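1. After the sequence you'll find the predicted model.
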Amino acid sequence: MKLLCVASECAPFVKTGGLADVVGALPKALATLGVASRVMLPAYPALADIVATGQEVWRQRALHGGPVRLVACQAEGIDLLLLDAPHLYDRPGTIYLGTDGRDWPDNGVRFAALSYVAAEVAMGALDGWRPDVVHAHDWQAGLVPAYLHQRDAPTPPCVMTVHNIAFQGLFDPALMTTLGVSSTLYTPDGIEYFGHIGFLKAGLVYADKITTVSPSYARELMQPEFGMGLEGLLRARSSDLVGILNGIDLDAWNPETDPALEAGYTVKRLKSKAINRAALIKRFGLAPDQRGPLFCVISRLTTQKGLDLLLDALPALVARGAQLAVLGSGDKDLEAGFVAAAHRYPGAIGVIIGYDEPLSHLMQGGSDAIVIPSRFEPCGLTQLYGLRYGTVPVVARTGGLADTVIDANEAARSAKCATGVQFAPVTASALEQAIHRACDIYAQPTEWAGLVRRGMRHGVGWDVSAQAYGDIYAAVCDARVTQD
């Protein structure tokens, strides 16, 4: 089976969050099932060296103000189709934001171009290669199913994955003509969303199948408090909505071989984890002789991630003799709050504002626990990295966090199946209690070691999930043949 995967980012080439990790890891897992994937994404400046190694396979003289071409290449074991359009993607700032920290004003045009060219490829624009299935990820690829819906000729089926419904891609309907989207689609049952073009909504309406990144999140999305105005549509399409847990790349995230660690370790050789702990304490300027666990946060600093609640819970954490290392950026008030906390509690709290991929690996390898107090979390990957690295997750009971971490309640501890600590409701007081519970278990070395080892043995790879995606691809192909 041939698969075209369309996304705005893909690890390790360009990454702002978990979407990139999924898009980078899934094709490798699918290859073991006989699915040959090509990943299509924009040729941002960071990919210039890779573009230079590739071969042009398609060109159009003008699209939204300039020439565009597709360059086929292979890197890091992934077959790439890079959309080279300098007038759209070759610019400073990040892939979504300008140097002023605001969305690029033409993001609607930039990512509509990605979807448009993907639809061209889906319809056979490349000599000798046409996909059997198209897999579109998040709002940036949401117009792919809509563009295909407009075609008169038979089209390949399309699967749409929602990684985070909070990001929907809403744009002025005056763009309809510019984007080449038929006005007949701009209805409440189509792509109209409260007076805007809804890129994500377009994907949800016109895709053959909708997936999201955990079973709990799939159920939550049909509720008003989580669905962000799309819950009615998703309830109407509930028979086509499937939650499939994300996995992680077990080669990139392997505590035995990870080059970012000071010392590798395994579930049978855990003592070396202490070497990473010492390195992490030094890196963050923490006191080396605290009696409690070393917690970490590796996250965007936003209220969605519940990190305002963690600020409120810091006095309780410090009072227990615990420490906290924070790596992240985002909301300026939260950044300032954590920096101030580091000054208030020297030796107990350390903060680095920004993002550093190797450091994130060292934090997983050196921390005792990772705190993820998200108000909602479609799947989450950092708790999976934590399990893999023996860093006990302390998580809110929501979305994929609830699906991947087994709470260390009395029954689970007696049955020896617990892997972390969950809490609900998502409040500062409930988070404080979860921190106290984690500290209590940490004070019992045998119990803590059990959590660590069970987490490290817990399956967090792509095997099961890749098979689920493979089954969906086969099902949409079969359904399309039956319809035709």
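-> Structure's in. What do you need?
2. going forward, measure contacts between C-alpha atoms and count neighbours the same way
-> Will do.
3. So what sits opposite residue 329 in the bridge?
-> Residue 329 has these beta-bridge partners by DSSP bridges: residue 300.
4. Where does residue 69 sit: helix, strand or coil?
-> Judged by DSSP: H, G, I helix; E, B strand; the rest coil, the three-state class of residue 69 is strand.
5. Residue 311 too?
-> At residue 311 the chain is in helix, as set by three-state DSSP.
6. Could you list the low-pLDDT ranges of the stretch 1-150 of the chain?
-> Low-confidence segments of the stretch 1-150 of the chain (pLDDT under 70): none present.
7. Which stretches in the stretch 251-400 of the chain count as strands?
-> 294-301, 323-330, 349-353, 369-372, 392-396 (DSSP state E, counting those that start in this stretch).
8. Tell me how far residue 403 lies from residue 217.
-> 9 Å (Cα to Cα, to the nearest Å).
9. ok, the two, which is more surrounded?
-> The neighbour comparison of residue 403 against residue 217 (other Cα atoms under 10 Å) goes to residue 217, with 31 against 15.
10. Surely the more buried one is in contact with residue 399?
-> Yes - between residue 217 and residue 399 there is a contact under Cα atoms under 8 Å: 4.4 Å.
11. so what sits against both of those two?
-> Shared contacts of residue 217 and residue 399 (Cα atoms under 8 Å, 6 or more residues apart in numbering): 377, 378, 379.
12. Near the first one, how many residues? Count them for me, please.
-> Other residues near residue 377 number 25, with proximity taken as other Cα under 10 Å.
13. Contacts only, for it.
-> Counting by Cα under 8 Å, 6+ apart, residue 377 touches 217, 305, 398, 399, 400, 401.
14. can you check residue 26 too?
-> 462, 466.
15. any idea how far it is from residue 314?
-> Distance, residue 26 to residue 314, using Cα to Cα: 37 Å.
16. repeat for residue 128
-> 59 Å.
17. before we move on, back to that, most neighbours out of the contacts of residue 377, which is it?
-> residue 217 (31 neighbours).
18. Just the residues contacting the helix or strand hosting that one, thanks.
-> Following DSSP states H and E, one finds residue 217 within helix 215-220. Helix 215-220 is contacted by residues 211-212, 226-227, 241-245, 377-379, 398-400, 402-403 when judged by Cα under 8 Å, 6+ apart.
19. repeat that for 10 Å
-> For helix 215-220, contacts defined as Cα atoms under 10 Å, 6 or more residues apart in numbering pick out 162-165, 210-212, 214, 223, 226-227, 231, 234-235, 238, 241-245, 376-379, 397-403.
20. PyMOL command to pick out the buried ones of those residues?
-> In PyMOL, a selection of the buried entries from the contacts of helix 215-220 looks like this (16 or more other Cα atoms under 10 Å):
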select buried, resi 162+163+164+165+210+211+212+214+223+226+227+231+234+235+238+241+242+243+244+245+376+377+378+379+397+398+399+400+401+402
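21. So which of the contacts of helix 215-220 sit within strands?
-> 162, 210, 211, 212, 241, 242, 243 (DSSP state E).
22. before we move on, the earlier item: more crowded one of residue 128 and residue 314?
-> Between residue 128 and residue 314, counting by other Cα under 10 Å, residue 314 is the more crowded of the two (22 against 6).
23. Please list all residues in contact with the more buried one.
-> 320, 322, 323, 324, 338, 341, 345, 348, 349, 428, 432, 435.
24. secondary structure element for the last one?
-> The reference is to residue 435. Using DSSP H and E, residue 435 maps to helix 428-442.
25. What residues sit buried inside that helix?
-> 428-442.
26. what's the distance between that helix and the middle of its chain?
-> Here helix 428-442 shows a centroid-to-chain-centroid distance of 26 Å under the convention Cα atoms, centre = their mean, to the nearest Å.
27. cool, and stretch 451-467?
-> For stretch 451-467, the distance to the chain centre is 17 Å (Cα atoms, centre = their mean).
28. what about it, how long is it end to end?
-> Termini of stretch 451-467 sit 28 Å apart (Cα to Cα).
29. Was I right to think residue 398 contacts residue 306?
-> No - using Cα atoms under 10 Å, residue 398 is not in contact with residue 306, being 11.7 Å away.
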